[in-house]
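S.K.: compute the structure for the input listed below.
(2 chains)
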Protein chains: 2
Amino acid sequence: MSSDIQAIDQAVEAAACVAGFWAESNSAVRAALLRGLAAGLEQQQQALVAVADEETGLGTPRLNGEVARTAFQLRGFANEVEAGVPYGVVDDQAVAGAPPAGRPHLTRVQQPLGPVAMFSASNFPFAFSVLGGDTASALAAGCPVVVKAHSGHPRLSRAVHEVAQGVLAAQKLPAGLLGLVDGASRAGGVHLVAHPQIAAVAFTGSYQGGVALWKAANERPRPVPFFGELGSINPLVALPQILEHDGAALATTLAASITSGTGQFCTSPGVIVLLEHPASDQFIAQLSDALQPIKTHRMLTPGMRSGFDSGVAQLSKSASARALFMPLTDGDGPAPRLFEVDAQALISDAHLREEMFGPAAVVVKVRSVSQAIEVLHAIGGSLTATLWGLEQDCADNRALLRAARQIAGRVLFSGVPTGVAVTHAQQHGGPWPASTQPHTTSVGYAALARFVRPVALQDAPSWALTEGSLQP
Amino acid sequence: MSSDIQAIDQAVEAAACVAGFWAESNSAVRAALLRGLAAGLEQQQQALVAVADEETGLGTPRLNGEVARTAFQLRGFANEVEAGVPYGVVDDQAVAGAPPAGRPHLTRVQQPLGPVAMFSASNFPFAFSVLGGDTASALAAGCPVVVKAHSGHPRLSRAVHEVAQGVLAAQKLPAGLLGLVDGASRAGGVHLVAHPQIAAVAFTGSYQGGVALWKAANERPRPVPFFGELGSINPLVALPQILEHDGAALATTLAASITSGTGQFCTSPGVIVLLEHPASDQFIAQLSDALQPIKTHRMLTPGMRSGFDSGVAQLSKSASARALFMPLTDGDGPAPRLFEVDAQALISDAHLREEMFGPAAVVVKVRSVSQAIEVLHAIGGSLTATLWGLEQDCADNRALLRAARQIAGRVLFSGVPTGVAVTHAQQHGGPWPASTQPHTTSVGYAALARFVRPVALQDAPSWALTEGSLQP
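M.R.: As a prediction, this is how the structure comes out:
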C-alpha cells in the first residue's frame, strides 16, 4: 500500500471517528468554528496570499479578494447555522382516525450525511479549496471533510490546512474534522471516493476528471451522492437593439469577462450568440478591438495551458470555424482568441461546443430567435445563460427565457456571468454536465442542503425531538 | 423498430410537445387537473377495484383503501400547488458595493425538469401506479409523465389511464400530459429511460430492475436524475422491557405487519433484532404463535412467488439460519415464515441480509446494544428502522437512535413500518439501496421537489419575475 493510500485511509478514518460527534454538535459550536476559520484565514492573509501567488500566478489583488470572499462565505454559513438551518424541523401532529387522513405524529429532521470527500479546484485556490464553499457548507451541515488538495497549489493547501488545524486545536475540537490528503494521482482520488466510510463527494473541476470520480462513486457497493460541477460553456445571447445603443461598453465588459483570470472560470462566457444584423457585425468588431490589447497572466498549470492550446488549434483547423482577429503574440499567458463558428455546424457537431478553458470565445450568428434557441438547446446543461436586451415583454423574449431556464442554473439579464454572489437565492449548478446533481448548488447558502438528508421521526419521545439535547 | 418502441417514442414526443405549456401553467389549472383526476378515480372506483382485484388478488377492502389514499394524495398535491409550492421564490435584493458583500438582484425560482418517465410498482396498483404519488407530484411540479405500466396489472393501468384521458379532455388539456406505455420488456424500459426527451425518472420496484434502469440513466450522453426506491429490509429493534410488559400485543401487531399484503410492502419489517433476554425468547414464541394461523392471499405475480420461495429455500439451507416454526401448508399465498439468524453471520454475510419480498422475517438475537448497532450498520440503507422501548433518555437509547438515523429515512418509536402517511414531514427514502437519491422522498408532499430544480434569475426585468404572467 502506497503512502498516499495510507494517508487517505488515515484521514477518512479520523473523519469517521468524529462524524457522530459533529453530527450532534450544536449551533454555537459549529458557528464558532466557522467564524474562527474565517478569522484564522484573515490573520494569515498576507503570508497565504504570497504562497498562493507563487503557486498560481493569479496576482495579489485577485487573491486578496478571494480570501475576503472565502471568509465572508464561512461567516455566512455560521449565520445559517445560528438561524437553525441545518437543524430544520417540519412537524406534523398526529391526526386521529383511519388513513389516509388519520396519521401518526411525524417530525422531519435533518441528518448530516457523514464524512465528505472534497476535491479542490485549481482556479480558486481559496474559495473552492481547503476552506472554500464546499468545506464551509459541509462543516455547517454537520459533516467532517477530507480535502483532496489540488496539485496546482499544494503548498497553499498545506498552509491553509495548518491554519485550520490551529483553529480546531484552539477551540478544543478534534483534528479529524478537517483532513487533507495530497498527491495528484487519479488512483488516489478514486480510492478516496470508494472508501466505505465516505458518505458524499463534492467536486469542482474538469469534465473528464469529474466523470471518472462520479463513476467511482456509482460503482461502490453502496453508491453515495456525488455533487460534481463539471464545467460549462455559458452561452450569452445579445439582441441587436441593445448592441446598437450600448455595443462599445458591452464589448469592453464582455472582453474583460472572457479574459478575466486568463479565462479560467467555470462561468466564463464561451459562446456569444448574435442575430444576423449590422449591429451584431459592429459588436464583433468592437469585441475584437476590446480583446486585442488584453494581456493575460500565465495559466494555472502547464497542463491547462497545453489543453487550451490544443483546443485553439483544433478549432483553427475546423472548416466550420474562422478566427475573427489575429491575436497578439502570447505574453505570460495566451493571447485572447475569438472565433466565429457556423450556427448549423455548432448545433450538429458536439466537438464545436466543447469548453475551451482559457481566454477564448466563439461567436455564432443566427438568422432568427428560433435558431438562437436551437443553439441554446444544442449547448444544453450550463451553469449560466446570459440574455442581453430582453427588457420588453414579448413572445420572442419569453421564448428565449424559456430556453435559457431549461438549460441553465442561472439566467442573467445584464452583466456577465463571471462573479458568483454568495446569497440565499444563488444557484450554481445546472443540468448535466454543469452539475451531476442539478437540484443542488455549490455556491450560495443552499449549498448546505447537499450534506444533510431528511429523516422522519414517527411518534418520537420528547428526548429524541430536542435537537438541542443532541449536543456533545 | 418494434411496436413497443414506437409507442414509447410517440408517448415521449407527445409529452415533450406539451412540457413547455405545462411548465408555465398556473396553479389554478394544475390544481383543477389534480382534483379532477381524484374525482375521476372515485367515480369509477367500483369498476376499477374489480379489475384491480382480478389482476392482483389484493382484495376489495385493501383496494378501496388504496383508491382513497390515491385520491387523497392527488388532492393533497392540489393543495400544495394552490399554496404556491412549485412556484417557490427566494428573492435577494441587490446590495451596492464591491463583492463579496455587494451583489446583483437574484431571484431563485423553480424550473420543472420536463417529461418524467415513471415506472409503476406491482404492489400498489393505484397508489404507486398510473395516478399514484409519482404522477401526482410530477404533474403538480409542472412535468408531463410517461407511465410504464406494470405487467402485473395491465388492464387496470389502461382503465385508469382512460379515466385520466377523460379528465384531460373534459378540462381541454392535452392528452400528452399523461402517456401510458406497456409491454413488460426490459429493453422497452431502457429505451424509455434513454430517450433524449426524458428529463427525469421515477422508479419503485426491485433492486435488480431498478439498478438496471439507474445504469441506463447514467449511461445517457446527458444523464438525468433517477429517483429510484429499490427496496429495504426495515430492521426493528425491540428492547426487553417493553416486551415484558406488552409482548403479546406487540407480537400480534408485528405478525400482521409482516404478513400484510402477503408481505409485499417495501416497508415490511424484515429483521427483528432482540437482546438476549428471557423476554425476547418469550416474544419469539408469541410472534410465532401470532404468525402461525395467518393465511395470506396469493402473491402479485408468479415471478414474485417463485422469488419468495427461492429466498426461503436458500435461507433454510444456510448453516447460520434456522426456522423458528413449521408453517402451515401454503394456502392461496405462501404461509408466513420466521427464521432465526446468528447475529455475527448476519453482520458478515450480505446474502443473509437480502430482502425476502413476501411474508417472512428474520430474528437476530444480539448480546448487547452495541451489537444491535453493528447489525443496523451492516444492514445499511433502509426506508425505515423501528425502535421499540426507547422511552427513556439514556446513552444506550441515544446510541440506537443515532445508528437508526444514520441508516434510515424514517425512524419509528412505536407501531409498525407498514403504512406510510402522506404528510409534509414524511420521508420515504434512505441511503442506498433504499433510495438512489436519499435527499428525496417518494411519499409525502416533499416528493414534489424531485421534479423541479432551482434557477437563479439575475437582474431580471419585472415581466420575467411574475410567474403568474407565465401562463398558458
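S.K.: now do the same for the residue sitting furthest away from the middle of chain A: helix, strand or coil?
M.R.: Most distant residue from the mean C-alpha position of chain A: A:Gly97, 48.4 Å away (CA atoms, centre = their mean). With DSSP: H, G, I helix; E, B strand; the rest coil as the basis, A:Gly97 sits in coil.
S.K.: alongside chain B, which residues does the stretch 251-400 of chain A contribute?
M.R.: Taking CB under 8 Å from any CB of the partner chain as the contact definition, the stretch 251-400 of chain A meets chain B at A:380-381, A:390-393, A:397-398. Any C-beta I mention is one placed from the backbone N, CA and C, and that applies to glycine too.
S.K.: 6 Å instead?
M.R.: A:391, A:393 (CB under 6 Å from any CB of the partner chain).
S.K.: averaged pLDDT, stretch A:197-210. What do you get?
M.R.: For stretch A:197-210, mean pLDDT is 96.
S.K.: actually, stretch A:404-415.
M.R.: pLDDT averaged over stretch A:404-415 gives 98.
S.K.: then stretch A:419-436?
M.R.: 96.
S.K.: can you list contacts of that stretch?
M.R.: The contact list for stretch A:419-436 (CB atoms under 6 Å, 6 or more residues apart in numbering or on different chains) reads A:73, A:76, A:207, A:214, A:226, A:228-230, A:232, A:381-383, A:408-410, A:438, A:440-445, B:90, B:92, B:100, B:103, B:106-108, B:222-223, B:454-456.
S.K.: so of those residues, which ones are in strands?
M.R.: Among the contacts of stretch A:419-436, the ones falling in strands (DSSP state E) are A:226, A:228-229, A:382-383, A:408-410, B:90, B:92, B:106-108, B:454-456.
S.K.: only the buried subset of the residues you listed, as a ChimeraX command please.
M.R.: To isolate the buried ones among these in ChimeraX, judged by 16 or more other CB atoms under 10 Å in any protein chain shown, type:
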select /A:226,228,229,382,383,408,409,410 /B:90,92,106,107,108,454,455,456
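S.K.: from A:Ala248, how far out is the closest residue to A:Ala290 other than its chain neighbours?
M.R.: In space, and not counting its chain neighbours, A:Ala290 is closest to A:Ala255: 3.6 Å by CB to CB, 6 or more residues apart in numbering or on different chains. Going from A:Ala255 to A:Ala248 by CB to CB, to the nearest Å gives 11 Å.
S.K.: quick check: which ranges of the stretch 201-350 of chain A have low pLDDT?
M.R.: A:328 (pLDDT under 70).
S.K.: all helices for it, in order.
M.R.: Remark: helices assigned in the stretch 201-350 of chain A by DSSP state H, counting those that start in this stretch are A:207-219, A:240-259, A:278-291, A:302-317, A:343-348.
S.K.: now these in CSV, with mean neighbour count?
M.R.: Below are the helices of the stretch 201-350 of chain A laid out as CSV (neighbours: other CB atoms under 10 Å in any protein chain shown):
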stretch, mean neighbour count
helix A:207-219, 17
helix A:240-259, 19
helix A:278-291, 19
helix A:302-317, 15
helix A:343-348, 18
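S.K.: need the ones you listed in a markdown table (columns: distance to B:His153).
M.R.: Output for these, formatted as a markdown table (distance: least, CB to CB, whole Å):
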| stretch | distance to B:His153 |
| --- | --- |
| helix A:207-219 | 32 |
| helix A:240-259 | 56 |
| helix A:278-291 | 58 |
| helix A:302-317 | 53 |
| helix A:343-348 | 43 |
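S.K.: for A:Pro327, which of those helices is the nearest?
M.R.: helix A:278-291 (8.1 Å; CB to CB).
S.K.: other residues contacting the closest one?
M.R.: Counting by CB under 6 Å, 6+ apart, A:240, A:243-244, A:247-248, A:251-252, A:255, A:274, A:324-325, A:336, A:338, A:363 sit against helix A:278-291.
S.K.: ok, A:Ala320 to B:Ala256 distance?
M.R.: Just to correct that, residue A:320 is Ser rather than Ala. With CB to CB as the criterion, A:Ser320 and B:Ala256 are 69 Å apart.
S.K.: what of A:His428?
M.R.: Taken as CB to CB, the span from A:His428 to B:Ala256 is 49 Å.
S.K.: and A:Leu63, by the same measure?
M.R.: Where B:Ala256 is concerned, A:Leu63 sits at a distance of 66 Å (CB to CB).
S.K.: same check, this time on A:Val411
M.R.: 53 Å.
S.K.: separation between A:Glu54 and chain B?
M.R.: In this view, A:Glu54 and chain B are 24 Å apart by CB to the nearest CB, to the nearest Å.
S.K.: meant to ask about A:Thr441, not that
M.R.: 7 Å.
S.K.: what's the neighbour count on that residue?
M.R.: 32 (other CB atoms under 10 Å in any protein chain shown).
S.K.: wait, it sits on A:Arg450?
M.R.: No. Applying CB atoms under 6 Å as the test, A:Thr441 and A:Arg450 come out as separate, 8.1 Å apart.
S.K.: mind listing what A:Arg453 touches?
M.R.: Counted by CB under 6 Å, 6+ apart, A:Arg453 has contacts A:111, B:438-439.
S.K.: mind doing that once more with 10 Å?
M.R.: Listed by CB atoms under 10 Å, 6 or more residues apart in numbering or on different chains, the contact set of A:Arg453 reads A:110-113, A:141, A:199-200, A:225, B:405, B:409, B:427, B:429-431, B:435, B:437-441.
S.K.: and for A:Leu239?
M.R.: Residues near A:Leu239 by CB under 10 Å, 6+ apart: A:273-275, A:277, A:279-280, A:369, A:372, A:387-392, A:396-397, A:400.
S.K.: may I see the ChimeraX selection of the buried members of the residues you listed?
M.R.: Here is the ChimeraX command that selects the buried residues among the contacts of A:Leu239 (16+ other CB under 10 Å):
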select /A:273,274,275,277,279,280,369,372,387,388,389,390,391,397,400
